[in-house]
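S.K.: Please work out how this folds:
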Amino acid sequence: MEYAVPEEYYDKALELVNLYESDIIALNLFNAFYSYLPEPQDDAISELRILDQKQGNFLLCATTLHDDYVYVVSAERAEFLGNMSEGIWDEEILGFYGYADRETFVKSCENMDQFEQYMPTVENTELCPACSVHSGELHTFGCPVEICPWCGSQLTNCECRFTQLEKEKIMAESHVDDLLKKMEKKGRIPYDADLHRPSYLSEETLPPQKKG
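M.R.: Have a look, this model is predicted:
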């Protein structure tokens, strides 16, 4: 950021980054943007809006000093798709989010005010706090929140993955592939925000302390 943002906008740009300091989705987008500016001129992101979200993959618009840019972002990485005004050229991504073609996407985004500002995933109670899939969607495979289809416990905490593979350890990628096939045959359990979202103790939920 130090080399990408005009000096007079630096504090404001840093304030936005700090707003999302614990959100891996936004941080991946910031890293992609400030590492490889879309245009050969200094720039800064002023806001993020969410265009769509599916299976832990976020379609985000980054509004900057010069333009609006589209990114597809997951917990692993962010990919620059182009200017909002030109739309998305990648047919696979268009199809993934249900757009017939680039023109359909551009038309659907003519009024940017219809899209809410992107909020950190941990603040959205409908999303899995680990892999960010929406309630009703399957977890990103390997997510620690996923429920075991055999015993109903968290998959990463039970022994079913070892008993189903008849192995003491999962060491090879082929083991992971075999486990996924077995889980799909059994029936993977979609994320349910009401039933599966981990709860964390806070001052409000902690039992009252006894006076001694």
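S.K.: Go ahead and measure how far the helix or strand bottoming out on mean pLDDT in the chain is from the middle of the chain.
M.R.: One helix or strand of the chain scores below all others by mean pLDDT, DSSP states H and E: helix 193-196, with a mean of 89. Distance, stretch centre to chain centre, for helix 193-196: 18 Å (C-alpha atoms, centre = their mean, to the nearest Å).
S.K.: Using the record's domain definitions, break the chain down for me.
M.R.: Annotated domains of the chain cover 7-121, 125-197 [automatic domain parsing].
S.K.: Export the ones you listed as a markdown table, with columns for distance to M1 and mean neighbour count.
M.R.: Every residue, glycine included, has its C-beta placed from N, CA and C. As requested, the domains of the chain are exported to a markdown table (distance: least, C-beta to C-beta, whole Å; neighbours: other C-beta atoms under 10 Å):
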| stretch | distance to M1 | mean neighbour count |
| --- | --- | --- |
| domain 7-121 | 5 | 16 |
| domain 125-197 | 24 | 15 |
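S.K.: The ones you listed: lowest mean pLDDT?
M.R.: Of all the domains of the chain, the minimum mean pLDDT falls on domain 125-197 (a mean of 92).
S.K.: Pop out the phi and psi values for W89.
M.R.: The phi and psi values for W89, taken as degrees, to the nearest 10, are phi -90, psi -20.
S.K.: Distance check, it against G136.
M.R.: With distances taken as C-beta to C-beta, to the nearest Å, W89 is found 30 Å from G136.
S.K.: do E184 as well
M.R.: E184 is 17 Å from G136, where distance means C-beta to C-beta.
S.K.: For the protein, just list every one of the strands.
M.R.: Ranges of strands in the chain, per DSSP state E, are 45-54, 57-64, 68-73, 78-83.
S.K.: The longest one packs against which elements?
M.R.: So that's strand 45-54. helix 10-19, helix 24-35, strand 57-64 (3 or more C-beta pairs under 8 Å, 6 or more residues apart in numbering; DSSP states H and E).
S.K.: In CSV, list these along with distance to I45.
M.R.: What follows is these, written out as CSV (distance: least, C-beta to C-beta, whole Å):
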stretch, distance to I45
helix 10-19, 6
helix 24-35, 6
strand 57-64, 5
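S.K.: Please name whichever of these is nearest to P144.
M.R.: Nearest to P144 among those is helix 24-35 (14.4 Å), distances taken as C-beta to C-beta.
S.K.: List the beta-bridge partners for the nearest residue to L51 once chain neighbours are set aside.
M.R.: Sequence neighbours aside, L59 is the residue nearest to L51 in space, at 4.3 Å (criterion: C-beta to C-beta, 6 or more residues apart in numbering). Using DSSP bridges, the bridge partners assigned to L59 are D52, V72.
S.K.: check contacts around L59.
M.R.: 50-53, 70-72, 97 (C-beta atoms under 8 Å, 6 or more residues apart in numbering).
S.K.: No further questions, thank you.
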